[in-house]
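Peer 1: Structure of the sequence below:
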Amino acid sequence: MVRIENALQNPMGRNVLACAFRSVAAALVQKYKLPVDPDRILFLLDRVKGNKLSGSTVFKIPQMWREVLLQLTGHDFDMCIKIWEVNTEALAPAQMAALIYHELRHLTLEPETGEHAISRHHDMEDWSELVPFGDWERCPSTLPDLMNGGLPPLGE
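Peer 2: The predicted structure follows:
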């Protein structure tokens, strides 16, 4: 698991490292056999004030910044999952796991290069496992606990 040794203990600024989300992502990847390498993902918490349309996003890290991050950390991050604190600070753990799971589902590893590829489409296949539970953002009590439980088969 990636450890960023020189990270500030009391970070300042709008974008801060959110390495704690990596362990959640790693557990989800292992449990659901997702074709993703969480050690190649930079996790950020955006402390912007106000409301964002989404609680999170995923994007490819530009090559220049990949090189800089590699020099600073010793790790080659090719993707970033950014989570807006203002939209997620009241989420229950099951909701946060679902949010991270959703962003991980946008990624796959390219077999030829070992790098992540991203797909931004949002169709029924993206959330087919969670659709039976209704609105995961506003009704967390019906959401399965992806970390400790599992995804029940569709139709149950």
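
Peer 1: what residue is smack in the middle of this protein?
Peer 2: Against the mean C-alpha coordinate of the chain, by C-alpha atoms, centre = their mean, the closest residue is Ile100 at 3.6 Å.

Peer 1: Could you check the pLDDT of Trp127?
Peer 2: At Trp127, the model reports a pLDDT of 56.

Peer 1: Identify each buried residue in stretch 60-69, please.
Peer 2: Ile61, Arg66, Leu69 (16 or more other C-beta atoms under 10 Å). Glycine gets a C-beta too; all of them are placed from N, C-alpha and C.

Peer 1: Hmm, I typed the wrong one, I wanted stretch 15-35.
Peer 2: The neighbour-count check on stretch 15-35 (16+ other C-beta under 10 Å) flags 16-19, 21-22, 24-29, 34 as buried.

Peer 1: Take those residues and keep only those in strands.
Peer 2: Among the buried residues of stretch 15-35, DSSP state E puts Val16, Leu17 in strands.
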